[in-house]
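Q: Okay, here's the prediction I keep looking at, along with the sequence it came from:
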Amino acid sequence: MSRSESTKQKLKEEAESHIATMDDVQLAPDETTGTDDFKYEKYPNICGVVVDRSSGSGWVQISGGGKPTTKITIGPGEYGFQFAAIPDGQSCMLYSCPTVWWILPCS
């Protein structure tokens, strides 16, 4: 299902608000949506993610590097946005169809 421009804009604004006080980070050029194809990114390519919890279905998982796993559920009954940092050694994986905005370190 295609996301409306206003829905995309809300996610972008939420992501912008999270990085407003952070140094040396920037937003990815566009949102990313999983399409049952197992998209993922890892540190140091990304350093954070903002998840639209009401997008699609599935979950976002941050794991690896001997650190605790974070799982953010997406879909019916979920709402709002959630920020998660991606620390050194961890990856962020999109299972099923969640939509996220990656936060990138400035090069």
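A: In hand now; what should we look at?
Q: Show me where the chain has its helices.
A: Assigned by DSSP state H, the helices in the chain fall at 5-19.
Q: Low-confidence regions, it specifically.
A: Counting by pLDDT under 70, the chain contains low-confidence residues at 1.
Q: residues in contact with the residue located most distally from the centre of it?
A: Centroid-distance maximum for the chain: residue 66 at 20.6 Å, with C-alpha atoms, centre = their mean. With contact taken as C-beta atoms under 8 Å, 6 or more residues apart in numbering, residue 66 is in contact with residue 89. To be clear about C-beta, it is placed using only N, CA and C from the backbone, and glycine gets the same treatment.
Q: For it, give its distance to residue 88.
A: From residue 66 across to residue 88, the span is 11 Å (C-beta to C-beta, to the nearest Å).
Q: Also residue 18?
A: 19 Å.
Q: if I pick residue 35, what's in contact with it?
A: residue 97.
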